[in-house]
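pasting the sequence and the predicted model now:
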Amino acid sequence: FLVRPRGARVPLKGRHVFITGGSSGIGLAMATAAAREGARVSILARNTARLEEARAAIQRDSGRSDVGVHAADVRDAGAVARALEEAGPVDVLVCNHGVFVPQELEKQDVEEIKWMVDINLMGTFHLIKAALPAMKARTRETRLPGSIAIMSSQAGQVGIYGYTAYSASKFALRGLGEALQHEVITDNIHVSLIFPPDTETPGLEEEHKRRPELTNIIAGSSGGMKANDVAKKALDGIKSGKFIIPCNFEGAMLAVATAGLSPQSSPVMAFLEVIGAGLMRFAALCFQWNWFSTIEGYYAKNKKRE
Ligand SMILES: NC(=O)C1=CN([C@@H]2O[C@H](COP(=O)(O)OP(=O)(O)OC[C@H]3O[C@@H](n4cnc5c(N)ncnc54)[C@H](OP(=O)(O)O)[C@@H]3O)[C@@H](O)[C@H]2O)C=CC1
Ligand SMILES: CCCCCCCCCCCCCCCC(=O)[C@@H](N)CO
């Protein structure tokens, strides 16, 4: 059939799943779910105390005693390489770490922009480069497909007010993922990009302290989710070797609207993309119309108040 790469089954049971940002929010939920499914899980983050708390929680929830923790900053390529060496060969790499501070570009310091790009984008490069050689050897040895999953965001599919830096860092991950899939397919490694909406996590709680009102309103166009539900969608997508993993209904629409030239292994989804393209473009124009009206209305009102 027309679709490439062919679908794959990526088992989790008995395999080594390495998750960055596994000490909090979506990463912790994914680590817990993977351990429950019988994977050996390793998590990486900076804060040691939170890593230890997460390890205890994952072990309690899954009944496994082999959860590995690695304290490193993904911005430090050397530290990332050492952590992966320590952890041993990985079957499923989940690049989930991420930071987000929304702010209008004019008000955001260059340091903060660079900090987001360094962690969200460069950190992901460091991880994949460090993990790939051993992953390739591993898929050859076990004859089972491997997976590299990258956590983007719906703000990595559409630019949103207040997210110039964050959206740039998350859109970039898609380019990385599309190109990487070409390079690793003959090693039997499947790349996945995950696109969650607002998700209840400690990170989102922090974000809300500084989030511009317009960012709140526009991001509210997509229904919020719980970390456990995002984790389930993400792991189901990884297990079936999906390239694009949407998480809610709006996400499914976004996936069709932004399908572009991305790979598609499901004939059903490929069909929906071909049929739905025009319709979703129409829906997208309606959303943009609504967002621009909101922005103009908001600025008009606040000007009057000044
Ligand atoms: N929550 C949401 O609304 C959404 C989140 N996402 C994405 O999902 C991912 C997880 O988000 P969420 O669960 O909310 O985040 P949290 O803030 O709850 O957790 C972030 C995790 O990443 C780790 N981390 C942050 N910076 C670094 C670093 N420099 N090096 C290593 N680890 C780091 C943190 O640990 P520590 O601080 O100890 O290093 C923590 O474990 C992010 O990539 C985010 O962009 C996407 C869409 C929506
Ligand atoms: C064609 C039809 C389109 C359908 C609906 C479009 C809805 C778009 C909403 C985008 C929401 C972005 C939230 C980002 C959350 C995030 O990443 C932060 N919380 C930081 O983590």
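Cool, got the structure. Ligands and ions are numbered 1, 2, ... in the order given.

all contacts plus neighbour counts: C-alpha atoms, from now on.
Fine.

return the residues of the stretch 101-250 of the chain in contact with ligand 1.
119, 151-153, 196-204 (C-alpha under 6 Å from any ligand atom).

I'd like to know how far the residue lying closest to residue 123 once chain neighbours are set aside sits from residue 257.
Nearest residue to residue 123 in three dimensions, chain neighbours excluded: residue 74, at 4.5 Å (C-alpha to C-alpha, 6 or more residues apart in numbering). According to C-alpha to C-alpha, to the nearest Å, residue 74 and residue 257 sit 32 Å apart.

surely residue 234 meets residue 247?
Yes - counting by C-alpha atoms under 8 Å, residue 234 touches residue 247, with 7.4 Å between them.

quick one, which of these two is more surrounded?
More neighbours surround residue 234 than the other of residue 234 and residue 247, with 27 against 23 (other C-alpha atoms under 10 Å).

please report phi then psi for that one.
phi -60, psi -50 (degrees, to the nearest 10).

quick revisit: residues contacting the residue nearest to residue 123?
45, 80, 119, 122-124, 126-127 (C-alpha atoms under 8 Å, 6 or more residues apart in numbering).

picking that back up, hey, what's in contact with both of residue 234 and residue 247?
With C-alpha under 8 Å, 6+ apart, residue 234 and residue 247 have common neighbours residue 194.

can you tell me the SS state at residue 161?
coil (DSSP: H, G, I helix; E, B strand; the rest coil).

after the helix or strand where residue 35 lies comes which helix or strand?
Using DSSP states H and E, residue 35 sits within helix 25-36. Sequence order places strand 40-45 as the next helix or strand after helix 25-36, per DSSP H and E.

isn't residue 159 right up against residue 169?
No - counting by C-alpha under 8 Å, residue 159 sits too far from residue 169 to count as a contact (11.0 Å).

more neighbours, those two?
Set side by side, residue 159 and residue 169 show more neighbours around residue 169, with 27 against 16, by other C-alpha under 10 Å.

next one: the residue nearest to the more buried one when sequence neighbours are not counted from ligand 1, what distance?
Take residue 169 and drop its neighbours on the chain: the residue closest to it by C-alpha to C-alpha, 6+ apart is residue 117, 5.2 Å away. To ligand 1, residue 117 is 10 Å away according to C-alpha to the nearest ligand atom, to the nearest Å.

what about residue 117, neighbour count?
For residue 117, the count of nearby residues is 22 (other C-alpha under 10 Å).

ok but it is inside a helix, no?
Yes - membership of residue 117 in a helix is supported by three-state DSSP.

quick check: pLDDT value at it.
Looking at residue 117, its pLDDT stands at 98.

hang on, isn't it packed against residue 172?
No - contact criterion C-alpha under 8 Å: residue 117 and residue 172 do not qualify, at 9.2 Å.

thinking again about what came up before, so which of the contacts of residue 74 comes closest to residue 189?
When the contacts of residue 74 are ranked by distance to residue 189 (C-alpha to C-alpha), residue 127 comes first, at 15.2 Å.

contacts only, for the closest one.
Contacts of residue 127 by C-alpha under 8 Å, 6+ apart are 74, 77, 80-81, 95.

which SS class is residue 17?
strand.

contacts only, for it.
Counting by C-alpha under 8 Å, 6+ apart, residue 17 has contacts 34, 39-42, 90-94.

can you check residue 241 too?
With C-alpha under 8 Å, 6+ apart, residue 241 has these contacts: 7-10, 147, 190-192.

ok, it to ligand 2 distance?
Distance from residue 241 to ligand 2, by C-alpha to the nearest ligand atom: 23 Å.

show the model's pLDDT score for that residue.
97.

and it, that's in a strand?
No - assigned with three-state DSSP, residue 241 falls outside any strand and is coil.

for it, phi and psi?
Taking degrees, to the nearest 10 as the convention, residue 241 sits at phi 60, psi 30.

and it, how far from residue 151?
For residue 241, the distance to residue 151 - C-alpha to C-alpha - is 15 Å.

again with residue 84
Taken as C-alpha to C-alpha, the span from residue 84 to residue 151 is 19 Å.

the more surrounded of those two?
Each of residue 84 and residue 151 has its neighbours counted (other C-alpha under 10 Å); residue 151 has more, 25 against 19.

now do the spatially most central residue of the chain, the pLDDT please.
Centroid-nearest residue in the chain: residue 151, 1.0 Å away (criterion: C-alpha atoms, centre = their mean). pLDDT, residue 151: 99.

same thing with residue 30?
98.

next: residue 250.
On the pLDDT scale, residue 250 gets 98.

done for today, thanks.
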